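Trainee: Everything below, folded, please.
(chains A, B, C and D)
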There are 2 protein chains.
Amino acid sequence: MRNTSPSSPAARQAEGIDRLWGTSVGEDTAFLLARANAITLAAANAAVGAFGLKVRSYSVLALAVSGERPNQRELSEFLRLDPSQIVALIDELEKRGLVRREPDAGDRRVNVVVATDEGREVYAGAREATERAEAECFSALDDEDRDRLKTILRTLAAAPGASAG
Amino acid sequence: MRNTSPSSPAARQAEGIDRLWGTSVGEDTAFLLARANAITLAAANAAVGAFGLKVRSYSVLALAVSGERPNQRELSEFLRLDPSQIVALIDELEKRGLVRREPDAGDRRVNVVVATDEGREVYAGAREATERAEAECFSALDDEDRDRLKTILRTLAAAPGASAG
DNA sequence: TATTGTTATACTCTATAACTATA
DNA sequence: TATAGTTATAGAGTATAACAATA
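Mentor: I've put the predicted structure just below:
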């Protein structure tokens, strides 16, 4: 151990990597975005995991609960997941009795995804958990910055090019 | 085709999924963050792909170029990647002659990762490409919002809990 | 001929554990 | 006994193509 300036090993380690924040990587907005996403994703997965869900299946369940009666293609497009992945997610939720595929009256190719009563219950609990987790993730921000972040991200989501892969 | 209100199929489709933005999912900051990340990640991968890199290998190269002489454990911690993944990334970059492992004089277990001249050249081109791509991703934001976003994301990165998986 | 949902498959990414050499 | 780096492997996630039913 040559570098003896900081007392504890943990402190020395932290000091060690903190210097890398001054590099071009640490200045890159896309990198910071990826990191923030990794943190919130992990927290959200932990939160909904208590309800036997992952972020993916939770999102599908939330949209099924919404009352908007999305079909599978719409879920695929909105969540930016391949149609085949949506099939697997719905299969899993349907097997657990949380959602139901309902054939569309006007177009027999189309399945609309709706929540069951049990799905609504599970969703209510999971949503509370994710909101708690999210509040904790963003606890370093004041209310104004939280609003700003959300507004900015919504602007990006609505921007042209946001639909391109 | 029962719903004939919007003229083109594309317009009808867009109208269709836009209604889902009004749901709880569309209001979720973590969801918006994931989407923004997916968009910028795809754009960045496309940009550095022209130089035979991915975002991962580009990040390692950037840190090797920085002059901070990070070792593999530091790269692993800073980039939040497993040490074994760092090995693979450096192997690839080293095989292409873009970086070099240099044994640390003080601790023979440690490898410091530094860029070669060619690595610096490739990095310069790739960095320009990522900056162009990033500018395009964030073109919907004015300068003030871009700064705000960066500041907020930096606050989150520095927050306690940002190091927890 | 195009679209919705489905199946199958291969590829990438990620997580884990065990090993070596040094400390 | 602990740490840096390496190897091997299994699991999750992702992308792609082909297919049946329907429009």
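Trainee: Quick one: list the elements packing against the helix or strand hosting A:Ala126.
Mentor: Taking DSSP states H and E as the definition, one finds A:Ala126 inside helix A:117-137. Of the remaining helices and strands, those touching helix A:117-137 by 3 or more CB pairs under 8 Å, 6 or more residues apart in numbering or on different chains; DSSP states H and E are helix A:29-49, helix A:55-65, helix B:29-49. From N, CA and C alone the C-beta is placed, and that goes for glycine too.
Trainee: what bits of chain A have low per-residue confidence?
Mentor: A:1-15, A:161-165 (pLDDT under 70).
Trainee: what about stretch A:24-42 and DNA strand D, touching?
Mentor: No. With CB under 7 Å from any atom of the strand as the criterion, DNA strand D is not reached by stretch A:24-42; the gap is at least 9.6 Å.
Trainee: Residues in contact with that stretch: which ones?
Mentor: When contacts are taken as CB atoms under 8 Å, 6 or more residues apart in numbering or on different chains, the neighbours of stretch A:24-42 outside the stretch itself are A:20, A:55, A:134, A:137, B:29-30, B:33-34, B:36-37, B:40-41, B:43-44, B:55, B:59, B:62-63, B:66, B:78, B:80, B:127, B:130, B:134, B:137-138, B:146, B:149-150, B:153-154, B:156-157, B:161-162, B:164-165.
Trainee: returning to what we had before: could you say which of the helices and strands packed on helix A:117-137 is packed most deeply?
Mentor: Burial of the helices and strands packed on helix A:117-137 is given as mean neighbour count (mean count of other CB atoms under 10 Å in any protein chain shown); helix A:55-65 ranks first at a mean of 24.
Trainee: pull the CA atoms of that one into CSV?
Mentor: Listed in CSV are the C-alpha atoms of helix A:55-65, where the atom choice follows Å, rounded to 0.1, in the frame of the first residue of the first chain:
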residue,chain,number,x,y,z
VAL,A,55,-40.2,-3.3,-14.6
ARG,A,56,-41.3,-4.7,-17.9
SER,A,57,-44.2,-6.7,-16.7
TYR,A,58,-45.2,-3.9,-14.3
SER,A,59,-45.4,-1.5,-17.2
VAL,A,60,-47.6,-3.8,-19.2
LEU,A,61,-49.8,-4.3,-16.1
ALA,A,62,-50.0,-0.5,-15.6
LEU,A,63,-51.2,0.0,-19.1
ALA,A,64,-53.7,-2.8,-18.8
VAL,A,65,-55.1,-1.2,-15.7
